[in-house]
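>>> Sequence isn't available, so here's the structure alone:
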């Protein structure tokens, strides 16, 4: 076990961790010892969050913990070490003839961190990535090693845990036989088509993303990913809802190299090279950026989009790109999709913190009537009252008292949001 004093930043360089020490345990027993002997701790993974959710006085890195992915063909599951990235797992599964049903836009993110924050991909019928979890093991605040599965009463509350219950060491995920997919990009979708036929547009593929700056005359891009049944080719039209099919590879952000993106133009290929937006071997997204996202009941999609268009002239100068996606409902207590089908409005901002906070201070009050749930790992600025947004929040607080009675994992972020009165400044 190594104690390292090293200043850490998140992957985009826009959040600097306050932790004075980072521990790199090489065995689960060392994690248990750390938790039993230290005060304020938190697990840190690939550092893809944009706020203090994974910060504390001292951090535990999972990077050197042992463990390999193991497939159970009978149960159609894979058990993975918490530190593993989705991209690495995807390659492992593909080589063995298996697949995940869904992935996020970035394959670079750790599985444990993505699950803990209810990170998601896209698709009207695709829930959060955490919904694929069937079991997990974690070191609790008492230093005990606890295993939970779908038969455990605590399971729905523990999967999306924000790091508040302990340090996850492994997870078991549902898998399925491998499949191929294609990706087609369309340009210039009329706004009326998106707001007037939102469900139809967003169901035109297995996974659909609308890319915009909210100021342009049209939706800039419509990103359509389609699963190929039995690897049969499927023709896509040259025009879709008034948008025209692209004839060259494109990036989500104008001016960035499309080489970093997964193949488009309808070229069939393995699921893991089509479902994410970006390839594992390249820098994802833009790099130097701040991200925000709000998950909102899908029935309000048209109203919310029109509201944001009113702010378009203020949003666009601060923006690299914005993305609208859909996520299916789940039953995980702290998932932003808990109990309702949602759509997400994701903002990739320029790395200008003060300006971003200023525009969020205008956008969030306008969205408030629609009860937006902010993504736990991204930047949000207004005073959110989380208790009305999450019906099981009080039950989750009870879980925290039981799993972490000393408050070892209760960092400043949790105190400001869900465990300190329910309001985030």
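Structure's in. What do you need? On a predicted model such as this, the values are computed, not experimentally measured, just so you know.

>>> From here on, just use CA atoms for contacts and neighbour counts.
Fine.

>>> Where does the prediction get shaky in the chain?
1-7, 231, 233, 281-287, 421-425 (pLDDT under 70).

>>> Determine the longest helix present in it.
Taking DSSP state H as the criterion, the chain has its longest helix at helix 353-367.

>>> Work out the gap between that one and the centre of the chain.
In this view, helix 353-367 has its centroid 21 Å away from the chain centroid, taken as CA atoms, centre = their mean, to the nearest Å.

>>> so what's the most centrally placed residue in the chain up against?
Geometric centre of the chain, nearest residue: residue 119, 2.2 Å, by CA atoms, centre = their mean. Counting by CA atoms under 8 Å, 6 or more residues apart in numbering, residue 119 touches 104, 128-130, 375.

>>> where do the strands sit along the stretch 151-300 of the chain?
166-174, 176-177, 180-190, 207-212, 218-228, 239-240, 243-245, 269-270, 290-297 (DSSP state E, counting those that start in this stretch).

>>> Out of those, which is closest to residue 52?
strand 290-297 (13.2 Å; CA to CA).

>>> The closest one vs helix 353-367, what angle?
Interaxial angle of strand 290-297 relative to helix 353-367 (axes from the mean of the first three to the mean of the last three CA atoms, to 10 degrees): 10 degrees.

>>> List the buried residues for strand 290-297?
290-297 (16 or more other CA atoms under 10 Å).

>>> Likewise for stretch 369-383?
Neighbour counts over stretch 369-383 (16+ other CA under 10 Å) mark 370-382 as buried.

>>> closest to residue 252 among the buried residues of strand 290-297?
residue 291 (14.3 Å).

>>> pretty sure that closest one is touching residue 348, no?
Yes - in this structure, residue 291 is within contact of residue 348 by CA atoms under 8 Å, at 4.7 Å.

>>> returning to what we had before: out of the contacts of residue 119, who's the most crowded?
In terms of neighbours by other CA atoms under 10 Å, those top out with residue 128 at 27 neighbours.

>>> Verify the contact between it and residue 337 for me.
Yes - using CA under 8 Å, residue 128 makes contact with residue 337 at a distance of 7.5 Å.

>>> Which residues are in contact with residue 154?
Residue 154 makes contact with 148, 399, according to CA under 8 Å, 6+ apart.

>>> ok, it to residue 360 distance?
Distance of residue 154 to residue 360, computed by CA to CA, to the nearest Å: 35 Å.

>>> and if you look at residue 96?
In terms of CA to CA, residue 96 sits 45 Å off from residue 360.
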